[in-house]
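In: Here is my input; please provide its structure:
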Amino acid sequence: MILKLPKKTKGANTSPPRKLVNREILRKKIKEVPVIQVPKVLCLYANWWIWREPKAPNAGSHPAWPGYTGVGTKLDFQLQIQAYESRTLVENTVFSFLPTLNDRNLTPTQISARAEIISLYKNTRGYKAQFNTDDMRKFMRLFDRFFFFGAMANSGRPRLYCKLWNRDSGYAQGPSFFSTPQQAPLGFTCGRHVLGYGRFAEIHIAGPTMFNRPKAVTLCFLLETLVHEMVHAYLSLFTCRCGICRSDLPSTTGMTGHGKAFLMLLDCIDYTLRKWGVGLSGLFREEFSYGGTRYTCDEITCLYHVETEAYKRYPLSALEEPSDLEEIFFFKSTEPANNEAADIQEPVVRGSRPLNIMGPGQNVYLAAPRVGGTAVSPLKLEQTGDIVQALIAKETIRNEAKRKSRHRQKLGCNLEKYMGFNMNMH
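Out: Just a heads-up that it's a prediction; the model follows:
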């Protein structure tokens, strides 16, 4: 299964417009162009000014984690944009959703979101009509509530948007980023910054009709891409981009966007989804047969090798900022050679898989570049569960006290009305 390529319009200029970066260049450009093109130049400059990225500080202050595993004392909290060290972000996120006995580390919001995800997936996966953007946005908001504290699409100002592209989406013969069959992305995430609004992320996913075999594109296949891109967006929005953090790309976002922080977080999300046992997954790690031979495709291993090759090819000193364009390259191909569809078995999710467990002293660590190679500390997981259960108990007591207080106030008002009515009768 490969992506269909959109036809390019003859004579179309695909090169991006030149950026105007300061007033001197703007004045020079205005003097060079004819008068009739001056409004166009001014519009380009205004567009650049609105969408320009602010300069990252050389050394970030790295605030303490505001959640219940840090300095916070509430189950609901908000994160600062591009402020946290990658290790802090990954560890506190992983221990908030990783499966434990009796779900002790899950908040009531997460338990509700998980039930909605499972119900929506069971009701949607049998759709005969093609999936659309609304379907993806429902899952995006629910995944955000369960895995990412609701920080991107459920808390305050929305920081994440999603679009599922199909052939009838009205985008001028299809998105131009589907360039070549060998490296056609299943989706990509683009980080943006708008003056007066702040930073947000856009997720673009290739829909079923973008492929040469639309009926073979399942909902699970699309949700794997969505989860992959949501991890990109989460790290892009909340990982610090100061000079110190940018100099440590292997441990943060990575040169291709798939650094250690990304691999560990995605690996743990996949482990959690498979534990639910409904056919959901976040990674492609399956065995399939082709031509009488069985193969194993491990997405973590593939991404790690691509990242390693990028380190060898480009020195870290030559890269000032990681690219905003994060792509999933099509190594998940299910297209058999010579169109021999009968010789290949479509991969399916085969339930849960093991995850490495490390002893005290380490919290989250990439022990091996493979699916299931992320090591976690069971002690830290138990501590997170204790914190969450204590906060739930306090919140229950607080809510009960508020309920009794409202009941007494209502009873007092009714009593005053009753006494006044009787006095008027006499």
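In: Break down the chain into its strands, ranges please.
Out: Read by DSSP state E, the chain holds these strands, from start to end of the chain: 160-165, 187-194, 198-206, 285-290, 293-298, 326-327, 364-366, 374-376.
In: among the ones you listed, which gets the worst mean confidence?
Out: Out of the strands of the chain, the stretch the model trusts least by mean pLDDT is strand 326-327, with a mean of 39.
In: wait, which of the strands of the chain is closest to Cys268?
Out: In terms of Cβ to Cβ, the element of the strands of the chain nearest to Cys268 is strand 374-376, at 5.8 Å. Quick note: C-beta positions are derived from backbone N, CA and C, even for glycine.
In: Can you find the helix or strand in the protein with the smallest mean pLDDT?
Out: Taking mean pLDDT, DSSP states H and E as the measure, the chain has strand 326-327 as its least confident helix or strand, at a mean of 39.
In: circling back: for Arg104, which of the strands of the chain is the nearest?
Out: Using Cβ to Cβ as the measure, strand 374-376 is the one of the strands of the chain that comes nearest Arg104, at 15.0 Å.
In: Give me the residues contacting the closest one.
Out: The list of residues contacting strand 374-376 from outside it, by Cβ atoms under 8 Å, 6 or more residues apart in numbering, reads 94-95, 98, 263-264, 267-268, 271, 355-358, 362-367.
In: Just the buried ones from these, in ChimeraX syntax?
Out: What follows is the ChimeraX syntax selecting those of the contacts of strand 374-376 that are buried according to 16 or more other Cβ atoms under 10 Å:
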select :94,95,98,263,264,267,268,271,355,358,363,364,365,366,367
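In: follow-up on the earlier one: dump the strands of the chain to TSV, plus distance to Leu120.
Out: Formatted as TSV, these follow (distance: least, Cβ to Cβ, whole Å):
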stretch	distance to Leu120
strand 160-165	15
strand 187-194	20
strand 198-206	17
strand 285-290	23
strand 293-298	27
strand 326-327	26
strand 364-366	29
strand 374-376	27
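In: so which of the ones you listed gets nearest Lys31?
Out: The closest of the strands of the chain to Lys31 is strand 187-194. By Cβ to Cβ, the value is 29.8 Å.
In: one step back: so which of the strands of the chain comes closest to Trp65?
Out: Among the strands of the chain, the nearest to Trp65 by Cβ to Cβ is strand 364-366 (13.6 Å).
In: Check which strands are paired with the closest one and give the direction for each one.
Out: In the sheet, strand 364-366 lines up against strand 374-376 (antiparallel) (DSSP bridges).
In: any idea how far the strand it pairs with is from the chain center?
Out: In this view, strand 374-376 has its centroid 20 Å away from the chain centroid, taken as Cα atoms, centre = their mean, to the nearest Å.
In: how is this structure carved up into domains?
Out: Partitioning the chain according to automatic domain parsing yields domains covering residues 20-52, 60-354.
In: Give me the buried positions along the first one.
Out: Under the neighbour-count criterion of 16+ other Cβ under 10 Å, domain 20-52 has 20, 26, 29, 41, 44-45 buried.
In: Helices along the stretch 151-300 of the chain, start to end?
Out: Assignment of helices within the stretch 151-300 of the chain using DSSP state H, counting those that start in this stretch yields the ranges 219-238, 243-246, 260-275, 299-313.
In: Okay, and the beta partners of the closest residue to Thr133 other than its chain neighbours?
Out: Beyond its immediate neighbours in the sequence, the residue positioned closest to Thr133 (Cβ to Cβ, 6 or more residues apart in numbering) is Leu164, lying 4.6 Å away. The residues listed as beta-bridge partners of Leu164 by DSSP bridges are Ile205.
In: how much space between Leu164 and Tyr121?
Out: Distance, Leu164 to Tyr121, by Cβ to Cβ, to the nearest Å: 16 Å.
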